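Visitor: sequence and computational prediction follow.
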Amino acid sequence: MDMIPLKKCFPILFVLFLLSGCVAQQQDIQVLNAQIYNLDSRLDSLESRLSALEKEVARLSKSQASWQKKAEKLSIERQEELAKRQAELSTEIDRLQAEQLRLSGQIEQLLYLQQQDRENLHEFQNKILARLQKLEEKLSATPARTSKKSQKPKSASQEDLYQKGLNLFKKRLYEEAQAAFEEYLKKYPKGKRAPNALFWIGECLYQRKLYEEAILQYQKVIDEYPKSPKVPAALLKQGLAFLRLGDTEAAAIVFKKLVRQYPRTEQARIARKYLAKLGKK
């Protein structure tokens, strides 16, 4: 076989060299394209994440602004509520101070009236004592009134003798009833019915229109048995006896004492009516 001349072979070799270079370049381009694709993909991912982050930031910013507005609104409402409460408290304090002043004035007035009442009471008590003393002097200067003596009972018991006096009183036999009660006190001066017997003697005298003597008899109940339940009744009848004698001032004094010391009793209710009629308070 004939050898091909080198000159003729050179162009062919050159073309082959170029072709081999193109192949290498094509491979490099493919690698670069792959890298670019990867970069684009990463770039797109980053852009997506960035967009999502921007949206999240925007949402958080909006939420923060909303919460800030709410906080400001709550703060304003809280301040308004506090201001309203302070105004209410201030008004209440003013009202209480005014009430305190009013009550203080009432207390001062009551203390003054109480002092006046004490002075008046002392004066009235002196008048009553003087009136009672005059009654005693008057009665001691006149012969003692005697009640009709009933026949001596045969050893009557305390209760029988007391009941006898009550029965006679109910029959309006006041002298005989008085005698029975006086006999009871003579026999049983410390008997359990002694305060009642004293009171009923006063009632017998009152019914017999012996008002001065009745007043003194009621006074014995008040002085000797101050804790007896008969005391309110004794005070009431004492006041009525003074009214019968025309001594309205003394009657009013006794009625006031009754109302002051025994305000919840039936006798006090009656005494208030008499005080109203007399124009007394």
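Guide: Perfect, I can see it now.
Visitor: contacting residues for the residue lying closest to E176 once chain neighbours are set aside?
Guide: Of all residues not flanking E176 in the chain, L168 sits nearest, at 4.7 Å (C-beta to C-beta, 6 or more residues apart in numbering). Using the backbone N, CA and C atoms, a C-beta is placed for each residue, glycine as well. By C-beta atoms under 8 Å, 6 or more residues apart in numbering, L168 lies in contact with 174, 176-177, 180.
Visitor: any of those residues buried? List them.
Guide: Burial by neighbour count, 16 or more other C-beta atoms under 10 Å: within the contacts of L168 this picks out 174, 176-177, 180.
Visitor: how near is the residue nearest to E176 to L50?
Guide: For L168, the distance to L50 (C-beta to C-beta, to the nearest Å) stands at 125 Å.
Visitor: how about A194?
Guide: A194 is 116 Å from L50, by C-beta to C-beta.
Visitor: neighbour count winner among these two?
Guide: A194 (20 against 10; other C-beta atoms under 10 Å).
Visitor: could I get the average pLDDT for stretch 183-201?
Guide: With pLDDT averaged residue by residue, stretch 183-201 scores 96.
Visitor: from here on, count from 7
Guide: All right, first residue 7 from here; so that's stretch 189-207.
Visitor: in it, which residues are buried?
Guide: Neighbour-count burial for stretch 189-207 [16+ other C-beta under 10 Å]: 189-191, 194, 197, 199-207.
Visitor: list just the nearest of these to V37.
Guide: Minimum distance to V37 across the buried residues of stretch 189-207 is 135.9 Å, recorded for P201 (C-beta to C-beta).
Visitor: which SSE is the closest one in?
Guide: Following DSSP states H and E, one finds P201 within helix 200-213.
Visitor: quick one: mean pLDDT over the helix or strand following that helix.
Guide: Next helix or strand after helix 200-213 toward the C-terminus (DSSP H and E): helix 217-230. For helix 217-230, mean pLDDT rounds to 96.
Visitor: okay if I get the contacts of L174 as TSV plus distance to S47?
Guide: As requested, the contacts of L174 are arranged in TSV below (distance: C-beta to C-beta, whole Å):
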residue	distance to S47
Y180	135
E182	139
A183	134
A186	135
